[in-house]
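**Student:** Sequence unavailable; structure follows:
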């Protein structure tokens with residue numbers, strides 16, 4: 001347990017809380033968390049998670065831009081729908097990408113747990129993409145992914161980070177509920193306008 005890891009936990013919680021609230025500041029806090037965790041994960045040989053943090057940084061800029069230019073309703077970020085078919089296709093693509101990435105990590109690095117690391121990285125990237133697109137499904141995926149992360153971080157003796165991801169499970173469940181409520185409100189308001 002290091003002061004850097006504890007600081008990273010605090011920054012990450014703030015970032016996710018702001019994301020749940022659909023506050024544009026979330027992107028700045030999340031970016032800082034990605035930088036900090038890239039270093040932490042590299043130090044414990046979770047290379048999939050390290051690379052994921054750099055990919056998160058790229059998606060973070062996309063998400064910031066998309067939210068900034070996106071549709072708003074009552075001065076709030078508007079929740080966007082996603083079809084079940086698209087969810088399934090993108091989940092399959094993430095799983096395949098995770099297997100390929102896992103094989104690369106297994107064969108070309110000294111990664112600690114390459115297959116689990118790569119699958120979690122792939123599905124985390126998908127969840128982050130869904131967040132940038134403002135899909136409520138992001139929170140459902142985060143509940144499952146973060147639950148598995150808790151076990152992986154305990155295994156790697158990253159106890160503050162395991163605690164962080166346990167908190168993330170609860171925050172994701174709350175985010176799912178909160179975004180669902182906002183989506184219902186936005187649909188009913190659109191229904192009244194039509």
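**Tutor:** Right, received. Where do you want to start? Nothing here was measured: the structure is a model prediction, and the numbers come from that model.
**Student:** Buried residues in the host helix or strand of residue 187, which are they?
**Tutor:** Using DSSP states H and E, residue 187 sits within helix 159-193. Buried residues in helix 159-193, counted by 16 or more other C-beta atoms under 10 Å: 160-169, 171-172, 175-176, 178-179, 182-183, 186. Quick note: C-beta positions are derived from backbone N, CA and C, even for glycine.
**Student:** Could I get the full set of strands for this structure?
**Tutor:** With DSSP state E, the ranges of strands along the chain come out as 72-73, 76-77.
**Student:** Check the protein and tell me which residue is nearest its centre.
**Tutor:** The geometric centre of the chain, computed from its C-alpha atoms, lies nearest to residue 128 (C-alpha atoms, centre = their mean), at 4.3 Å.
**Student:** What about the nearest residue to residue 41 once chain neighbours are set aside, how many residues nearby?
**Tutor:** Computed as C-beta to C-beta, 6 or more residues apart in numbering, the closest residue to residue 41 that is not its neighbour in sequence is residue 49, at 4.0 Å. Using other C-beta atoms under 10 Å, residue 49 has 27 neighbouring residues.
**Student:** ditto for residue 156
**Tutor:** The tally of other residues near residue 156 (other C-beta under 10 Å) stands at 18.
**Student:** quick one, what contacts it?
**Tutor:** Listed by C-beta atoms under 8 Å, 6 or more residues apart in numbering, the contact set of residue 156 reads 44, 46, 112-113.
**Student:** cool, and residue 171?
**Tutor:** Residues near residue 171 by C-beta under 8 Å, 6+ apart: 13, 16-17, 20.
**Student:** what's the distance between it and residue 21?
**Tutor:** In this view, residue 171 and residue 21 are 11 Å apart by C-beta to C-beta, to the nearest Å.
**Student:** Over to residue 141?
**Tutor:** Residue 141 sits 19 Å away from residue 21, going by C-beta to C-beta.
**Student:** can you check residue 39 too?
**Tutor:** On the measure of C-beta to C-beta, residue 39 and residue 21 end up 27 Å apart.
**Student:** re the thing from before, residue 141 and residue 21: who's more crowded?
**Tutor:** Neighbours per residue (other C-beta under 10 Å) separate residue 141 from residue 21, with residue 141 holding more: 23 against 14.
**Student:** What sits closest to that one if chain neighbours are left out?
**Tutor:** residue 127 (4.4 Å).
**Student:** didn't that neighbour look like it was pressed against residue 138?
**Tutor:** Yes. Look at residue 127 against residue 138 with C-beta atoms under 8 Å: they come within range, at 5.1 Å.
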